[in-house]
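predicted model and sequence below, questions to follow.
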Amino acid sequence: NAGVTQTPKFRVLKTGQSMTLLCAQDMNHEYMYWYRQDPGMGLRLIHYSVGEGTTAKGEVPDGYNVSRLKKQNFLLGLESAAPSQTSVYFCASSGAGTGTQYFGPGTRLLVL
Amino acid sequence: GENVEQHPSTLSVQEGDSAVIKCTYSDSASNYFPWYKQELGKRPQLIIDIRSNVGEKKDQRIAVTLNKTAKHFSLHITETQPEDSAVYFCAASKGTDKLIFGTGTRLQVFP
């Protein structure tokens, strides 16, 4: 039981490049979330999903897109990376009705 | 929408002393209040949580108290140890709605 995993662990992008971050969970959780964490800013919600095939915007959705084609996977896409998107990205999941979120190990992204 | 404020932003204590971190929330409908601990370079991990039907919950050296009237909740760590040094985040949510996080408290425990 791996819990929540994220791929890749670290990535360097040039401005304007695109990439996809993958989150996978093996806990059969309904809800999945993408956060970014910047120094002194805490955790800010980018997008989330309450079930397969559904997504919703969080606090800071601009510049990101997501997809939840399978229950266990939640993808975060950057179509045209900007230096302001340099951050650590965390994925989390929670079971329906619990509210308790479990986090992945994070992806450190540097946009030059 | 919900807003969660967390204080202090940094806290230094001597080993063995107690540490208290406080959070206030704005939405009176919030009913779930978890606390996460994040060590340097690691993921946030749930250490304790409380739901609105109780006023206090304890787990060994950590406890959380909730005052629904005043809309604030606190994390209490007793007999602090160097391994308690980390960033602590509070959060609040309504039912199974998304969590709103505080901005974090960096706790340093000096031997």
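Nice, I can see it. Residues are numbered from 1 along each chain as shown, chains lettered A, B, ... in the order given.

and the residue of chain A most remote from its centre, which of the three is it?
Taking C-alpha atoms, centre = their mean, the residue of chain A most remote from its mean C-alpha position is A:Gly97, at 20.9 Å. When classified by DSSP: H, G, I helix; E, B strand; the rest coil, A:Gly97 comes out as coil.

could you check the distance from it over to A:Leu78?
Noted for A:Gly97: a distance of 32 Å to A:Leu78, by C-beta to C-beta, to the nearest Å. In this view, the C-beta of every residue, glycine as well, is placed from N, C-alpha and C.

what does B:Arg106 give?
According to C-beta to C-beta, B:Arg106 stands 29 Å off from A:Leu78.

looking at the two, which is more packed in?
Between B:Arg106 and A:Leu78, A:Leu78 has the larger neighbour count (other C-beta atoms under 10 Å in any protein chain shown), namely 20 against 16.

tell me the buried residues in stretch A:73-85?
By neighbour count on 16 or more other C-beta atoms under 10 Å in any protein chain shown, the buried set for stretch A:73-85 is A:74-76, A:78, A:81, A:85.

now render those residues as JSON lines, adding secondary structure and distance to B:Ser30.
Output for those, formatted as JSON lines (DSSP: H, G, I helix; E, B strand; the rest coil; distance: C-beta to C-beta, whole Å):
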{"residue": "A:Phe74", "secondary structure": "strand", "distance to B:Ser30": "25"}
{"residue": "A:Leu75", "secondary structure": "strand", "distance to B:Ser30": "30"}
{"residue": "A:Leu76", "secondary structure": "strand", "distance to B:Ser30": "27"}
{"residue": "A:Leu78", "secondary structure": "strand", "distance to B:Ser30": "32"}
{"residue": "A:Ala81", "secondary structure": "coil", "distance to B:Ser30": "35"}
{"residue": "A:Gln85", "secondary structure": "helix", "distance to B:Ser30": "30"}
